[in-house]
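Chemist: the sequence and its predicted three-dimensional model are supplied below.
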2 protein chains.
Amino acid sequence: MLVLSHRAFLHPPKPSSLPRIKLRASMNRSHSPVLDFPYLPPPHRDLMLSLLSTVHSRLASHLLPSSVPSDVLSFHNDASTSFGALDIRSGAHDSPVDFILESWLHCKLPTGALNITTLFGFLNASTEAPHLLMEFIQGSPTSLILFMDLLPRKDLVLHPEYLAEFYQDTQLEKLRQELNNLPYVQPYCSSSLYIRSVLSPTAIAVNINCGADGESSMEEVMGAQLSSVAKEVLQIWLDKCACSSHQMEESERNVLIQRDNLIKNKTVEIDLSANLPRMFGPNVAEKIVGTIQKTFRI
Amino acid sequence: MLVLSHRAFLHPPKPSSLPRIKLRASMNRSHSPVLDFPYLPPPHRDLMLSLLSTVHSRLASHLLPSSVPSDVLSFHNDASTSFGALDIRSGAHDSPVDFILESWLHCKLPTGALNITTLFGFLNASTEAPHLLMEFIQGSPTSLILFMDLLPRKDLVLHPEYLAEFYQDTQLEKLRQELNNLPYVQPYCSSSLYIRSVLSPTAIAVNINCGADGESSMEEVMGAQLSSVAKEVLQIWLDKCACSSHQMEESERNVLIQRDNLIKNKTVEIDLSANLPRMFGPNVAEKIVGTIQKTFRI
């Protein structure tokens, strides 16, 4: 939910006559409602559970307990047509992790259900290594837009050594091509020029559309190639970035922080502030954006 | 010829048994051999002539006479299977134009003829406005890869105001979409991650492939939509960039110069030094690269 303008989807959902669906009541803090994914098709759910489980076990010692209020951990709109869950775990004092943000959104639309899941790993200024972005926007059982990227924290034109270290040497391009060359897969372009600038040259940004009767094809793509590529991208980030550190001069560190703050500010402005009110109404949206802004310290 | 790794094309051309083709003898300095385009299909030739004519008339007072030696103005390989022409006009002392580079390459390959035309407008540090890149790589009468972009000179993530001024407000995205939405047009991705980083988020990078029997379709696309979009992109650059100036602090100017130098260095390294020897042999390639490096002051 963080870095997209989902223009194709985000017409305001009309109050529908569907029965109100009760949220699962597992609001105790040892089990985050984000991990329930109650509305996701199974291959999408399995993939998210696997990715989050890897992050949690690998970064366990890095993460503080969640302090997200319960009405942001789990929320819905007045008409109970849109549901969501958001959890944020800040990094411990001596960790390079700034925070891990996990969320799902579910939105009943006249055309069907929209499910958006996000995993965002933001690092602090003790390292210059890239942030992690994974976002899956499933507009129907047969179509999915996805973004997976290690977001650069330096200007790659000015820092070819950074491009070489995090993007060339890690063979991320091979993974991008692997997915892009599959049947049903088309490149996808964010409508926001700023978001396009934030992405790396090996960003995976695709639209997978298996057509009107391709539900089994979508399950196959998600369960096999997409799942495998997503796990590899996450592994690269965990191995190469999330536990790294880098000595920096103060001026270099200041530019890094300024750049990170701009990414945070602009993503809130472009995506959340523009779209959440339409999905959840102004009050719920304000609480969610407020919690994120507090984490972002903006 | 400047910013591409044309991997699809650049297998070393084998000496063929084709008759040696004489270069046109118009080597006098008032008429640059670049303007002859002797091998180009008519719609490609008409487009290039129109673009160069606009640049020459609009920037006449900005440009010094060419000082490119005659064996670089026009050249070919020993086997006379590859031909080329390159002209460079440096900007006058008080102009924001650093140089205008124009070139064409023609290469006979076992599969047919490859024609590459380039128009590159590089600005100096009296302005921060983007450079111009236009490159058309015609692999057959029915297929064309093209790059048209205003190359950013600042990190767009750190400078959203620059993104707004030169990319959002100029409506370049509309032109990109206009071309991308045409039949036969597919997005094209450079194989070089560095080149991808250099391009702007509104860069037009496409592969137009009209299929085995689509010569008339290609003529139509080039003569109508492509020609119209290319002229508009050039007009935006001429109006908004090529005659602009911008007061900068010294530190800001130094970063700009460092970034420009990296773009120059890397494009020579990635494209010219890697590919020209294969097309023209080491001696001819050395002369061409040497002339360009002299212009680039690297």
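Modeler: Great, that's in hand. The model shown is predicted, which means the values in this text are computed figures rather than measured ones.

Chemist: buried stuff in stretch A:34-54?
Modeler: A:34-37, A:39-41, A:43-45, A:47-48, A:51-52 (16 or more other Cβ atoms under 10 Å in any protein chain shown). Backbone N, C-alpha and C define where each C-beta goes, glycine included.

Chemist: correction: stretch A:177-192
Modeler: Buried, per 16+ other Cβ under 10 Å, within stretch A:177-192: A:178-179, A:184-185, A:188-190, A:192.

Chemist: and the spatially closest residue to residue A:223 that is not a sequence neighbour, what element?
Modeler: Among residues not flanking residue A:223 along the chain, residue A:43 sits closest, at 4.6 Å (Cβ to Cβ, 6 or more residues apart in numbering or on different chains). According to DSSP states H and E, residue A:43 maps onto helix A:42-58.

Chemist: just checking, what packs against that helix?
Modeler: strand A:97-109, strand A:112-123, strand A:131-140, helix A:215-221, helix A:227-240 (3 or more Cβ pairs under 8 Å, 6 or more residues apart in numbering or on different chains; DSSP states H and E).

Chemist: if you set the cut-off to 7 Å instead, what comes out?
Modeler: Using 3 or more Cβ pairs under 7 Å, 6 or more residues apart in numbering or on different chains; DSSP states H and E, the elements in contact with helix A:42-58 are strand A:112-123, strand A:131-140, helix A:227-240.

Chemist: could you check the angle the first one makes with helix A:42-58?
Modeler: If I follow you right, that is strand A:112-123. 20 degrees (axes from the mean of the first three to the mean of the last three Cα atoms, to 10 degrees).

Chemist: now strand A:112-123: buried residues?
Modeler: Applying 16+ other Cβ under 10 Å to strand A:112-123 flags A:113-123 as buried.

Chemist: could you dump stretch A:102-119 to PDB, C-alpha only?
Modeler: Extracted in PDB, the C-alpha atoms of stretch A:102-119 (Å, rounded to 0.1, in the frame of the first residue of the first chain):
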ATOM      1  CA  GLU A 102       3.500  -5.400   6.800                       C
ATOM      2  CA  SER A 103       0.000  -4.900   5.700                       C
ATOM      3  CA  TRP A 104      -3.000  -6.200   3.800                       C
ATOM      4  CA  LEU A 105      -6.000  -4.400   2.400                       C
ATOM      5  CA  HIS A 106      -9.200  -6.000   1.100                       C
ATOM      6  CA  CYS A 107     -11.700  -4.000  -0.800                       C
ATOM      7  CA  LYS A 108     -15.000  -5.200  -2.200                       C
ATOM      8  CA  LEU A 109     -15.600  -3.500  -5.500                       C
ATOM      9  CA  PRO A 110     -18.600  -3.800  -7.900                       C
ATOM     10  CA  THR A 111     -16.200  -5.700 -10.200                       C
ATOM     11  CA  GLY A 112     -15.000  -8.100  -7.500                       C
ATOM     12  CA  ALA A 113     -12.500  -8.100  -4.700                       C
ATOM     13  CA  LEU A 114      -9.200  -6.100  -4.600                       C
ATOM     14  CA  ASN A 115      -6.400  -7.500  -2.300                       C
ATOM     15  CA  ILE A 116      -3.200  -5.600  -1.700                       C
ATOM     16  CA  THR A 117      -0.400  -7.000   0.400                       C
ATOM     17  CA  THR A 118       2.800  -5.100   1.300                       C
ATOM     18  CA  LEU A 119       6.100  -5.900   2.900                       C
END
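
Chemist: tell me the secondary structure for the closest residue to residue A:152 other than its chain neighbours?
Modeler: Among residues not flanking residue A:152 along the chain, residue A:200 sits closest, at 5.0 Å (Cβ to Cβ, 6+ apart). Counting by DSSP: H, G, I helix; E, B strand; the rest coil, the backbone at residue A:200 sits in coil.

Chemist: which helices and strands sit right next to the helix ranked longest in chain A?
Modeler: The longest helix of chain A (DSSP state H) is helix A:273-296. Using 3+ Cβ pairs under 7 Å, 6+ apart, the elements in contact with helix A:273-296 are helix A:70-73, strand A:74-76, strand A:82-90, strand A:97-109.

Chemist: redo these as JSON lines? Include distance to residue A:273.
Modeler: Formatted as JSON lines, these follow (distance: least, Cβ to Cβ, whole Å):
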{"stretch": "helix A:70-73", "distance to residue A:273": "15"}
{"stretch": "strand A:74-76", "distance to residue A:273": "16"}
{"stretch": "strand A:82-90", "distance to residue A:273": "15"}
{"stretch": "strand A:97-109", "distance to residue A:273": "15"}
